[in-house]
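Participant: Provided below for reference: sequence and predicted model.
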Amino acid sequence: MSLALLCSGQGRQDRGTFTLLADEPAARPIFDAATAPLGTDPAEFCRTAPEETLHANREGQLVCVARALAAAAALFPDGAPPETIVAGYSVGEMAAWGIAGVWSPTDTLVLVERRAKAMDMAGGPDDQLAHVRGLARETVERLARRFDCAIAIVNPGRLFIVGGTRAATEAFCAAALDAGAARAGPMSVRVASHTPRLAGAVAPFATALAAVPAKSPALRLMTAGGATLVTRPDRALAGLAAQLAETIDWAAVLEALAERGVTTILELGPGRALADMAAAALPTAEVRALDDFHSLAGARAWLKDHLGRCTAGVGE
């Protein structure tokens with residue numbers, strides 16, 4: 001049996017993002033590392049921050065990466081099985097690199113903050129992402145060009161994420177619905193990630209990445225840039241930085257997981273958007289999201305049931 005851990009992007013964080021993890025001793029070092037940039041314990045931050053702050057680009061990225069790091073630490077206190085594949089969606093890839101052991105949790109969160117800062121400086125104050133489902137890619141590309149937007153992420157099931165200014169993405173969504181889209185609308189992400197609007201963020205982020213020592217991954221780390229496994233992080237850093245201004249093909253990542261024989265998938269959250277996509281793309285795999293469970297004990301039992309001896313490191 002082969003396990004894949006999926007690290008979510010921002011947009012699904014909410015008041016209960018850390019509820020399952022708040023009392024887990026193994027997660028405490030991640031909470032401590034996230035407290036400095038957030039100004040308070042991440043669980044408290046999610047409970048009390050104004051809605052706009054909770055979904056701000058910097059804070060949203062920190063919360064989502066801290067959630068994935070904390071979830072992995074709590075589920076696998078002795079480390080996940082080495083054959084585990086870990087992949088991340090948008091900023092979730094930063095969490096994936098951290099979970100794979102390329103960076104420490106503290107360094108991972110430092111880099112996430114620098115990533116967000118570079119994005120905020122390069123992007124416009126009214127930038128945002130939107131989603132559209134049900135149109136062919138050619139149609140989405142044509143409409144995006146018409147409204148000065150760009151495809152940010154290609155998902156399976158004709159689901160696309162598009163970035164641009166707020167006015168441009170709203171006009172795009174209206175035109176997409178007129179063109180027959182099943183649905184289209186804005187997302188709670190205030191930055192045009194993975195579009196040329198963030199070209200100015202690539203070099204500063206690349207500089208930040210180069211300044212932090214990177215270890216060889218202890219797990220099988222898959223990058224969304226080409227849906228390939230990272231064996232030499234130093235050779236993959238340029239691609240990780242370039243992703244800020246380039247389209248991500250998440251559908252290709254899921255195809256690569258299927259080709260590598262993944263049979264069990266757990267989305268670390270927040271949310272279950274990646275689990276839903278994975279379940280549709282890999283219909284024979286066992287797919288769950290951590291947010292499906294009412295307790296970590298339930299998630300651990302599910303992992304042990306589906307992976308047996310491969311999960312010897314799963315916490316009791």
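Facilitator: Everything's here; your move. Residues are numbered from 1 along each chain as shown.
Participant: the residue most central in space within the chain: what's it in contact with?
Facilitator: Nearest residue to the geometric centre of the chain (Cα atoms, centre = their mean): residue 92, 2.4 Å. Going by Cβ atoms under 8 Å, 6 or more residues apart in numbering, residue 92 touches 6, 7, 8, 9, 64, 65, 68, 274. Where C-beta positions appear, they are placed from N, C-alpha and C, glycine not excepted.
Participant: do a quick rundown of the strands in the stretch 101-250 of the chain.
Facilitator: Taking DSSP state E, counting those that start in this stretch as the test, the strands found in the stretch 101-250 of the chain are 127-133, 150-155, 159-165, 183-186, 220-223, 228-230, 248-249.
Participant: so which residues of this protein form helices?
Facilitator: Ranges of helices in the chain, per DSSP state H, are 28-38, 42-48, 51-54, 57-75, 92-99, 105-122, 137-146, 166-178, 199-210, 233-242, 250-259, 273-281, 296-307.
Participant: contact partners of stretch 194-207?
Facilitator: 90, 114-115, 117-119, 121-124, 127, 149-153, 161, 163-164, 191-192, 237-238, 241-248.
Participant: if any of those are buried, put those into a ChimeraX selection.
Facilitator: To isolate the buried subset of those in ChimeraX, counting by 16 or more other Cβ atoms under 10 Å, use the following:
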select :90,114,115,117,118,119,122,123,127,149,150,151,152,153,161,163,164,191,192,237,241,243,244,245,246,247,248
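Participant: follow-up on the earlier one: mean pLDDT and distance to residue 218 added to the helices of the chain, as JSON lines?
Facilitator: Formatted as JSON lines, those follow (pLDDT from 0 to 100; distance: least, Cβ to Cβ, whole Å):
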{"stretch": "helix 28-38", "mean pLDDT": "97", "distance to residue 218": "17"}
{"stretch": "helix 42-48", "mean pLDDT": "97", "distance to residue 218": "24"}
{"stretch": "helix 51-54", "mean pLDDT": "94", "distance to residue 218": "32"}
{"stretch": "helix 57-75", "mean pLDDT": "97", "distance to residue 218": "12"}
{"stretch": "helix 92-99", "mean pLDDT": "98", "distance to residue 218": "9"}
{"stretch": "helix 105-122", "mean pLDDT": "97", "distance to residue 218": "14"}
{"stretch": "helix 137-146", "mean pLDDT": "98", "distance to residue 218": "36"}
{"stretch": "helix 166-178", "mean pLDDT": "98", "distance to residue 218": "39"}
{"stretch": "helix 199-210", "mean pLDDT": "98", "distance to residue 218": "19"}
{"stretch": "helix 233-242", "mean pLDDT": "97", "distance to residue 218": "12"}
{"stretch": "helix 250-259", "mean pLDDT": "97", "distance to residue 218": "19"}
{"stretch": "helix 273-281", "mean pLDDT": "97", "distance to residue 218": "22"}
{"stretch": "helix 296-307", "mean pLDDT": "92", "distance to residue 218": "17"}
